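J.: mind looking at a prediction? Sequence and model below.
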Amino acid sequence: MEQSVWGSLKITVNGNSGQHAAECGGCGWWLWPGSQAYRIPGLRGTYCSVACVETALFGQEHCRWCGEEMAGRYMSIESRLCSEDCRTNFWAHVWGDRTAQCGSGKRLAVWLQRKEPRTYRQLVVADFQRVQITPTYLQSGAY
Ligand SMILES: [Zn+2]
Ligand SMILES: [Zn+2]
């Protein structure tokens, strides 16, 4: 998991000790004061994991790939894919090679890039810095 990339979206849950302060917007798990949880710009709620963030973004009445809101009754997964592009990506990377399966953060990255480009850029910068400070594979001579 790219812990340090998504880590910059984490907050410390506030509240009185001994009482749960909030519930995860994905799974309903209790979030205790002092624990770490995800808060995503442009998305309401607090989340215990990237999987729960992606459940909220791409579940229910949302396109399973891009998170666009979709009206209409749920008939099948096809009724929750808003465009040809989304359909192609979903079948290729969620059901296919599973590189974008729930919790991978791939679809969250695509969503941020489109909806919250400023946050996305900060994450990319953070990722770059992470690579810079752990350059073992760059020094190995393999390059
Ligand atoms: Zn959760
Ligand atoms: Zn879509």
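T.: Yes, it's here. Here the structure is a predicted model, which is why all the values come from computation and not from measurement. Ligands and ions are numbered 1, 2, ... in the order given.

J.: where along this protein do the helices fall?
T.: 3-7, 50-58, 84-89, 106-115, 117-133, 136-139 (DSSP state H).

J.: between those, which one is closest to residue 21.
T.: Residue 21 lies closest to helix 50-58 among these, at 16.0 Å (C-beta to C-beta). In short, each C-beta sits where N, CA and C put it, glycine included.

J.: let me see the mean pLDDT of that closest one.
T.: Averaging pLDDT along helix 50-58 yields 96.

J.: now do stretch 71-88
T.: Stretch 71-88 carries an average pLDDT of 94.

J.: and the protein, which of its residues are near ligand 1?
T.: With C-beta under 5 Å from the ion as the criterion, the chain meets ligand 1 at residues 24, 26-27, 29, 48, 52.

J.: and the buried ones among those, selectable in PyMOL?
T.: Here is the PyMOL selection string for the buried members of the residues of the chain next to ligand 1, based on 16 or more other C-beta atoms under 10 Å:
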select buried, resi 24+26+29+48+52
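
J.: tabulate the residues of the chain next to ligand 1 (a markdown table), appending distance to ligand 2.
T.: Supplementary listing: the residues of the chain next to ligand 1 in a markdown table, determined by distance: C-beta to the ion, whole Å:
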| residue | distance to ligand 2 |
| --- | --- |
| 24 | 24 |
| 26 | 19 |
| 27 | 23 |
| 29 | 28 |
| 48 | 25 |
| 52 | 20 |
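
J.: just the residues of the chain next to ligand 1: which are in strands?
T.: Using DSSP state E, no member of the residues of the chain next to ligand 1 falls in strands.

J.: ok so, going back, so which of the helices of the chain gets nearest residue 37?
T.: helix 50-58 (9.3 Å).

J.: can you list contacts of the closest one?
T.: Under the criterion C-beta atoms under 8 Å, 6 or more residues apart in numbering, residues 1, 6, 24-27, 29, 38, 40, 43, 45, 47, 64-65, 67, 102-105, 107-108, 111 lie in contact with helix 50-58.

J.: got a PyMOL select line for the buried ones in the residues you listed?
T.: Buried subset of the contacts of helix 50-58, written as a PyMOL selection, criterion 16+ other C-beta under 10 Å:
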select buried, resi 6+24+25+26+29+38+40+43+45+47+64+65+67+102+103+104+105+107+108+111
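
J.: ok, back up a step: which of the helices of the chain sits most buried?
T.: Burial of these is given as mean neighbour count (mean count of other C-beta atoms under 10 Å); helix 50-58 ranks first at a mean of 22.
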